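Novice: sequence unknown, structure follows:
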């Protein structure tokens with residue numbers, strides 16, 4: 001039903017305000033909303049200038065004492081389950097890009113609770129309300145008005161006694177295009193499916209990509225190994241054959257594109273997983289001298305980019321390596337030899353540029369929020385003139401021990417220093433304290449949020465409601481979005497991190513142990 005509600009917003013809200021509800025702004029960018037602070041009425045009344053669409057009940061929205069800056073606020077609450085949309089139509093707007101801010105409180109627990117701007121040719125723009133007992137500011141960026149009209153409002157699909165409050169809407173013309181991109185790493189999907197994994201939404205078995213796309217996934221991250229699963233080589237033989245090799249990644253890219261997802265392709269330049277601690281050269285490159293190694297990086301990158309292009313799945317984004325804070329292709333490309341590392345990175349970047357000039361190049365490090373690490377690494381990149389477009393970062397509360405507030409402060413600092421946008425390439429939160437066998441798993445806790453959002457399905461959702469909203473506030477929209485890791489590696493017999501090893505992330509996926517979609521999916525669906 002909710003998907004239909006979103007589609008119908010533009011049809012429902014055509015005559016819901018008086019002629020003077022909004023006046024042309026002449027590009028001034030000021031608030032244009034009638035009764036935006038809900039001070040024109042007595043408590044318990046639907047506020048002037050606003051209208052309501054209810055989907056199963058009446059009288060769940062009203063003004064109430066205790067506003068953010070004045071006496072009153074708009075409240076959604078009822079002692080029985082309810083679904084409704086309180087809205088106001090605006091007209092006469094100067095065309096261009098706007099942002100909408102408001103102050104909110106929220107009990108949490110709803111099936112859906114979000115601010116929305118609808119009536120746009122590009123479709124509705126939304127931000128979910130974070131759970132908050134104190135007034136918290138939220139934002140919708142990138143509202144593209146093309147015909148002078150828009151409808152703003154608050155939507156709730158709630159259980160009994162769930163409540164939210166909103167106050168002080170402000171619409172500002174800032175001329176800033178913006179889309180908050182969410183998605184995740186889908187590289188293990190073929191393996192999960194081959195081993196019998198199934199995915200469900202509302203009790204119905206579905207293709208995992210259908211579920212994810214329907215719930216707001218706009219990005220599919222795919223990690224590419226050179227020759228994984230080759231039984232004649234170590235560590236290649238630790239991985240299953242035919243998984244995350246060029247053929248598998250091409251097939252996954254095609255599926256992702258069919259679901260209208262953009263591709264984030266990560267070259268690992270290895271037959272096996274790489275990160276700051278592990279960078280094993282592909283067996284075919286093991287004995288190459290440095291010049292031939294650079295040529296191999298270029299040619300492998302260029303050839304695969306062309307293979308992606310040939311099937312119509314040219315990636316929008318490419319990361320040169322994975323969590324490369326210590327380098328790539330050890331020992332040649334270790335950071336102790338940064339001049340050589342720079343040459344390898346430039347070979348990969350040049351191959352991407354030559355194959356696909358519009359694709360954006362990412363350099364991806366771990367430990368988001370570590371200013372010293374990022375300052376040093378990207379300072380060295382500047383010194384050696386490494387070509388890239390986007391700062392990639394991994395943010396897990398467990399690993400970084402940092403709050404969302406600390407990450408937004410770091411992102412403001414980093415993007416200003418480098419004049420580059422940031423993409424959170426990996427993020428994760430455990431929704432259960434342990435795996436099915438009682439082992440704590442890779443993320444044994446949730447860092448500073450352990451006592452705030454518990455290790456539960458609702459706790460996982462509530463963390464991302466806070467995270468997504470806060471990251472949208474980064475100056476000039478300089479955080480592009482968030483990729484989840486690993487959304488689909490559910491508990492399936494025989495599936496592990498390596499052949500014969502335990503699956504250590506089954507309690508941090510976006511699906512439960514039986515493959516049922518978790519509540520956190522709605523945080524992805526209602527944030528863009």
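Specialist: Nice, thanks for sending it over. Note that the coordinates shown come from a computational prediction; the quantities given were computed from them, not determined experimentally. Numbering: from 1, shown residues only.
Novice: C-alpha only now, for contacts and for neighbours.
Specialist: Noted.
Novice: After the longest strand along the chain, which helix or strand is next?
Specialist: If you go by DSSP state E, the chain has its longest strand at strand 132-145. Stepping forward along the backbone from strand 132-145, the first helix or strand reached (DSSP states H and E) is strand 150-158.
Novice: Tell me which strands the helix or strand following that next one pairs with, and in which orientation.
Specialist: Moving toward the C-terminus from strand 150-158, the next helix or strand (DSSP H and E) is strand 163-173. Its sheet considered, strand 163-173 pairs with strand 72-77 (antiparallel), strand 96-106 (antiparallel) by DSSP bridges.
Novice: where do the helices sit along this protein?
Specialist: 2-12, 189-194, 208-214, 246-258, 290-310, 338-355, 371-383, 397-400, 404-418, 457-472, 521-525 (DSSP state H).
Novice: orientation of the fourth one relative to helix 290-310 in degrees?
Specialist: For helix 246-258 and helix 290-310, the angle between their directions (axes from the mean of the first three to the mean of the last three CA atoms, to 10 degrees) works out to 40 degrees.
Novice: pLDDT below threshold where in this structure?
Specialist: 1-31, 56-57 (pLDDT under 70).
Novice: Columns mean neighbour count and distance to residue 68 on top of the helices of the chain, output as JSON lines?
Specialist: Below are the helices of the chain laid out as JSON lines (neighbours: other CA atoms under 10 Å; distance: least, CA to CA, whole Å):
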{"stretch": "helix 2-12", "mean neighbour count": "14", "distance to residue 68": "27"}
{"stretch": "helix 189-194", "mean neighbour count": "17", "distance to residue 68": "46"}
{"stretch": "helix 208-214", "mean neighbour count": "20", "distance to residue 68": "34"}
{"stretch": "helix 246-258", "mean neighbour count": "19", "distance to residue 68": "43"}
{"stretch": "helix 290-310", "mean neighbour count": "17", "distance to residue 68": "51"}
{"stretch": "helix 338-355", "mean neighbour count": "22", "distance to residue 68": "49"}
{"stretch": "helix 371-383", "mean neighbour count": "15", "distance to residue 68": "34"}
{"stretch": "helix 397-400", "mean neighbour count": "20", "distance to residue 68": "30"}
{"stretch": "helix 404-418", "mean neighbour count": "18", "distance to residue 68": "21"}
{"stretch": "helix 457-472", "mean neighbour count": "23", "distance to residue 68": "18"}
{"stretch": "helix 521-525", "mean neighbour count": "24", "distance to residue 68": "24"}
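Novice: Dump these to TSV, plus distance to residue 505.
Specialist: TSV is the format used below for the helices of the chain (distance: least, CA to CA, whole Å):
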stretch	distance to residue 505
helix 2-12	30
helix 189-194	13
helix 208-214	17
helix 246-258	21
helix 290-310	29
helix 338-355	30
helix 371-383	26
helix 397-400	13
helix 404-418	22
helix 457-472	14
helix 521-525	17
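Novice: closest to residue 321 out of those helices?
Specialist: Proximity to residue 321 (CA to CA) singles out helix 338-355 among the helices of the chain, at 8.4 Å.
Novice: Now do the same contact list for the closest residue to residue 163 other than its chain neighbours.
Specialist: Computed as CA to CA, 6 or more residues apart in numbering, the closest residue to residue 163 that is not its neighbour in sequence is residue 77, at 4.5 Å. The contact partners of residue 77, by CA atoms under 8 Å, 6 or more residues apart in numbering, come to 60-61, 161-164.
Novice: if we can go back for a sec, of the helices of the chain, which is nearest residue 70?
Specialist: From the helices of the chain, taking CA to CA, the stretch that ends up closest is helix 457-472, at 23.8 Å.
Novice: That closest one - contacts with which helices or strands?
Specialist: The contact analysis (3 or more CA pairs under 8 Å, 6 or more residues apart in numbering; DSSP states H and E) places helix 457-472 against strand 125-128, strand 132-145, helix 404-418, strand 479-484, helix 521-525.
Novice: Partner strands of the shortest one and their direction?
Specialist: Based on DSSP bridges, the strands next to strand 125-128 in the sheet, each with its direction, are strand 112-118 (antiparallel).
Novice: Contacts for the partner strand, please.
Specialist: Applying CA under 8 Å, 6+ apart, the external contacts of strand 112-118 come out as 9-10, 124-129, 140, 143, 150-158, 522, 526.
Novice: now stretch 478-487
Specialist: Residues contacting stretch 478-487 (CA under 8 Å, 6+ apart): 179-186, 219, 221, 411-412, 415, 420-428, 468, 471-472, 505, 508-511.
Novice: what does stretch 33-45 give?
Specialist: Residues beyond stretch 33-45 that count as contacts (CA under 8 Å, 6+ apart) turn out to be 21-22, 47-49, 62-65, 69-74, 88, 90, 167-171.
Novice: Could you do stretch 286-297 as well?
Specialist: Here stretch 286-297 makes contact (CA under 8 Å, 6+ apart) with 269, 285, 332, 343-344, 347-348.
Novice: ok, now stretch 406-424?
Specialist: Taking CA under 8 Å, 6+ apart as the rule, stretch 406-424 contacts 368-371, 374-375, 389-395, 470-471, 473-475, 478-483.
Novice: Tell me the buried residues within those.
Specialist: 368-369, 374, 389-395, 470-471, 473-474, 478-483 (16 or more other CA atoms under 10 Å).
Novice: what's around residue 288, how many residues?
Specialist: 13 (other CA atoms under 10 Å).
Novice: and it, what are its phi and psi?
Specialist: As for residue 288, its main-chain torsions (degrees, to the nearest 10) stand at phi -70, psi 150.
Novice: And it, how far from residue 332?
Specialist: Plainly put, residue 288 is 10 Å away from residue 332 if you go by CA to CA, to the nearest Å.
Novice: do residue 233 as well
Specialist: Counting by CA to CA, the gap from residue 233 to residue 332 is 20 Å.
Novice: Comparing the two, which residue is more hemmed in?
Specialist: A count of neighbours by other CA under 10 Å puts residue 332 above the other of residue 233 and residue 332, at 19 against 15.
Novice: returning to what we had before: to the chain's geometric centre, what's the distance from the longest strand of the chain?
Specialist: Centroid displacement of strand 132-145 relative to its chain, using CA atoms, centre = their mean, to the nearest Å, is 16 Å.
Novice: Mind listing what's buried along it?
Specialist: 135-145.
Novice: can you list these in a markdown table and add distance to residue 107?
Specialist: Listed next are those as a markdown table, based on distance: CA to CA, whole Å:
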| residue | distance to residue 107 |
| --- | --- |
| 135 | 12 |
| 136 | 12 |
| 137 | 15 |
| 138 | 15 |
| 139 | 18 |
| 140 | 20 |
| 141 | 24 |
| 142 | 27 |
| 143 | 27 |
| 144 | 30 |
| 145 | 32 |
